[in-house]
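Enquirer: I would like the atomic coordinates for the input below:
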Amino acid sequence: MLILDLNKLKVGSMEESATPYQHVKFKELQSFGLENVTQMRTTFNVYLDLCEVRGWWNVKLHGCLDLDMAFISGHPTREDPREIVLPLQSSDNLSPDCLQHYLQNIKLDDYETNG
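Expert: Residues are numbered from 1 along each chain as shown. Below you'll find the predicted structure:
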């Protein structure tokens, strides 16, 4: 699982984007029925960074209602295996129990981790 610090992203912030709420991928995030709008914005910014700046392949958005969070899966290069990214803000408090809870709830069909 990759955790990115939003302060280091090169994509414009939500305030700088002309119409982020009209973007098809932001609408996809909204369709998951999540209530955590801050995390949806964070996920959208990370999604754009992975696609437009880092050049990831086959990037997909996923919703997890149990966590009220969205996450991303994709391939860093064509040859690399699929990775799962849980976008978090640097101000989020993380504990070992919290990370374990994320790992237990974030799942993709037909995807197994080696950890």
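Enquirer: give me the beta-bridge partners of A70?
Expert: G63 (DSSP bridges).
Enquirer: quick one: it and V37, what's the gap?
Expert: 11 Å (CB to CB, to the nearest Å). Any C-beta I mention is one placed from the backbone N, CA and C, and that applies to glycine too.
Enquirer: Please compare the two by neighbour count and tell me which comes out ahead.
Expert: A70 (24 against 10; other CB atoms under 10 Å).
Enquirer: what's near enough to touch the more buried one?
Expert: For A70, the contacting residues are L29, F32, L34, Q39, M40, T43, L61, H62, G63, C64, P87, by CB atoms under 8 Å, 6 or more residues apart in numbering.
Enquirer: and with 10 Å instead?
Expert: A70 makes contact with 28-30, 32, 34, 36, 39-40, 42-44, 46-47, 61-64, 86-87, according to CB atoms under 10 Å, 6 or more residues apart in numbering.
Enquirer: and what of W57?
Expert: L50, C51, G74, H75, P76, T77, R78, E79, D80, R82.
Enquirer: Once you drop chain neighbours, what's closest to the fifth one?
Expert: The one in question is P76. Once flanking residues are discounted, P76 sits nearest to W56: 5.7 Å by CB to CB, 6 or more residues apart in numbering.
Enquirer: buried ones in the lengthiest helix in the chain?
Expert: Secondary structure of the chain per DSSP state H: the longest helix is helix 37-48. For helix 37-48, a neighbour-count test (16 or more other CB atoms under 10 Å) marks Q39, M40, R41, T42, T43, F44, N45, V46, Y47, L48 as buried.
Enquirer: and which of these is nearest K107?
Expert: T43 (16.7 Å; CB to CB).
Enquirer: Since that was my last question, I'll sign off now.
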